[in-house]
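K.L.:
Just to be clear, the model below is a prediction. Sequence and coordinates:
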Amino acid sequence: MTRKLALLLTLGLFAVACDTGETSKDSDVVAPDVDDESTSQDLDGDGWSVANGDCDDSNDDVFPGAEEACNDLDDNCNGVADEGFGDADGDGVVDCVDAEECDGLDNDGDGEVDEGFPDEDGDGVADCLGREICDGIDNDGDGEIDEDFDHDGDGYTECGSETTPADCDDSDPTIYPDAEEIPGDLTDNDCDSLVDEGAWVGDELYISEIMNNPDNVDDTHGEWFEVYNASSSTLLLNGLVLSSSVDSDYHVVTSSDLLIVEPGEYFVFAGSDNPFDNGGVSNVGYAYGNDLSLSNEMDGLVVEADGLILDVVQWDDGVTFPDVNGASMSLDPTYLDATLNDSGEWWCQATRQWATATDRGSPGEGNQYCWPTAIAAYTDSSSLQTCDVLYLDGSASSDPGDLVLLFTWELVSAPATSLLTTADIETTTDVMPEFVPDVAGTYLFSLVVDNGTELSPPSYLSVDIVERPYNTDPIADPGDDETASATADCTPISYGAGGYDCDSCADYDFELDGTGSYDPDGDELNDPTWAITSGTGTISDEDTWEPTVTMPGSAGTYGVTVSESVVVELTVSDCMAATGTDSVTITYSCTGS
């Protein structure tokens, strides 16, 4: 008999000797009586045999009624393993025996997900999940960054990375960082925030108005400044660099929209583009947020483009620049220049509101003038031809305080052959004086206005005059012929000599009148010329329209009338040097008696 067989017989005899109704190990459950001797043996000594329900008679911790432990076993032989224990990932394997997998779940119920697996980008998501996102990082640990996010196939993604700049248009393969910039296509081809760069010269854009100390709202919301396009081209402001010359304020103008300012137009930058926050500025073109702060005391504003400084304005706490509250610092339009605007001498306090109940200024519009403003012009009724009246016009001149203005016109220069001077302006102090140019060419006039306190800068008016293509000779009218007579006193000669001794008649003054002369074209006639062409006499004031001709009296002869005549010629001319002549005859008779 073998040792194993002997052991089995011993165990069998022991089992028969025991009371089959005895309670099993660690359980209140009583094993039932069975007649099948093949399954009745309790091989693991736990008081339960296969016949009476032990589902694992080789493990004395497993039997009906045993306390269920978390061990992947059916400890109480109820057909379910590990009932009552947690299964966080719901895979049917309880947490205490489950192993962590790289699946985005907490497999082992320890509160951590995918612990122990690599996480190259440190975002808390294991690389093995294979979830690449567009963030410039290798999220899935495969050695590639943002794969599948280059939608246009140009080698750049819209998110970029620490070493590779972002694609500013991932739908167009011709647009990417370092691409060649195409002039004039209104596109940022190389993704540097500048549109059509390379065209800036440096004198196209001027700072024209600054609101650094608003009153209706606090400074952080109500500050703004205005720039002016002084060029003849459309300017794109995308990519401009705005900074302070005094502190570290710095901002790059970045927008998905094209920021356009046309020639001669204004553009407003502000901290806020919300009119309810910024004090009622409704035409803000771009908001720079909190990156810039315009100091109330001393500060400087710098505008750059494409590496060029376009303009710098530095104010000085009232030393030369205005230092006001609730009004902008406004550049006089006369001095709208990137150099002249450096001087506070040409800046003043804005005095008019841009809308109801706002602070004072003119954001996005032309500035008011700081002083009386002279504007020299001429009316449309002026033909701009020689010998026609040029109607000068200063009526557009103005004063910021609406004060009464005094006018002073001057002829600064005229063509070399012209004989005219300022004195030929008919009433130089009129708002609208008249001037008749005598020769073709360029005439330069100036106008200065005075409000009683300050003089305006001169306003210059250049007028090109052409030769009038027609002319009619003027008509001279010296008046009607005139006659006069006088008597000479005669005295008989005494002592029988016979005859008479007569005096001479007195000299006689004839008053001539040429005012009836005229020009058929309506031209103003030049001063006339009178001349005696026959006879004896003298003329006084021969270059006036009403001269005096004096004829001498003849010697008297008793009973005889002696008549003398003088012919006087009048010559008139117009401004085109055409002339007209006519004569008048004056006769003086002397009778002795």
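P.N.:
Yes, it's here. Residues are numbered from 1 along each chain as shown.
K.L.:
Enumerate every residue touching the closest residue in space to Leu242 that isn't next to it in sequence.
P.N.:
Nearest non-adjacent residue to Leu242, counting by CB to CB, 6 or more residues apart in numbering: His251, 4.7 Å away. For glycine as for every other residue, the C-beta is placed from the backbone atoms N, C-alpha and C. For His251, the contact set (CB atoms under 8 Å, 6 or more residues apart in numbering) comprises 241-243, 288-289, 291-292.
K.L.:
By neighbour count, which of those residues wins?
P.N.:
Sorting the contacts of His251 by how many neighbours each has (other CB atoms under 10 Å) puts Tyr288 first, at 23 neighbours.
K.L.:
Local confidence estimate at the residue lying closest to that one once chain neighbours are set aside?
P.N.:
Spatial nearest neighbour of Tyr288, chain neighbours left out: His251 (4.6 Å); criterion: CB to CB, 6+ apart. On pLDDT, His251 comes in at 97.
K.L.:
Name the SS class of His251, please.
P.N.:
At His251 the chain is in strand, as set by DSSP: H, G, I helix; E, B strand; the rest coil.
K.L.:
What of the one 3 residues further on?
P.N.:
Remark: Thr254 carries the secondary structure label coil [criterion: three-state DSSP].
K.L.:
Could you tell me which residues make contact with the residue lying closest to it once chain neighbours are set aside?
P.N.:
Of all residues not flanking Thr254 in the chain, Ser193 sits nearest, at 5.3 Å (CB to CB, 6+ apart). Ser193 makes contact with 238-239, 252-254, according to CB under 8 Å, 6+ apart.
K.L.:
redo that, cut-off 10 Å
P.N.:
168, 238-241, 252-255 (CB atoms under 10 Å, 6 or more residues apart in numbering).
K.L.:
Can you list the residue ranges for helices in the stretch 401-550 of the chain?
P.N.:
Secondary structure of the stretch 401-550 of the chain (DSSP state H, counting those that start in this stretch): no helices located.
K.L.:
which regions of it sit below the pLDDT cut-off?
P.N.:
Applying pLDDT under 70 to the stretch 401-550 of the chain flags the ranges 495-497.
K.L.:
Let me know the closest of the contacts of Ser193 to Glu209.
P.N.:
Closest to Glu209 out of these is Leu240 (16.8 Å), distances taken as CB to CB.
K.L.:
looking at it, the closest one is touching Ile309, isn't it?
P.N.:
No. Contact status for Leu240 versus Ile309: not in contact, 11.2 Å apart, counting by CB atoms under 10 Å.
K.L.:
Ignoring the adjacent residues along the chain, who's closest to Asp44?
P.N.:
Setting aside the residues directly before and after it, Asp44 is nearest to Asp60 in space (CB to CB, 6+ apart), at 4.1 Å.
K.L.:
number of nearby residues for that neighbour?
P.N.:
Asp60 has 19 neighbours, counted by other CB under 10 Å.
K.L.:
got it, and Val572?
P.N.:
Using other CB under 10 Å, Val572 is surrounded by 25 other residues.
K.L.:
quick one, helices of this protein?
P.N.:
Ranges of helices in the chain, per DSSP state H, are 3-17, 219-222, 275-278.
K.L.:
In terms of mean pLDDT, which of those ranks lowest?
P.N.:
Looking at the helices of the chain, the lowest mean pLDDT belongs to helix 3-17 (a mean of 35).
K.L.:
Please tell me how far Cys134 sits from Gly122.
P.N.:
Plainly put, Cys134 is 17 Å away from Gly122 if you go by CB to CB, to the nearest Å.
K.L.:
Find the nearest non-adjacent residue to Ser540, please.
P.N.:
Nearest to Ser540 is Thr548, by CB to CB, 6+ apart, at 4.8 Å.
K.L.:
ok, the one you found - contacts?
P.N.:
Shown in contact with Thr548 (CB under 10 Å, 6+ apart): 509-512, 530, 537-542.
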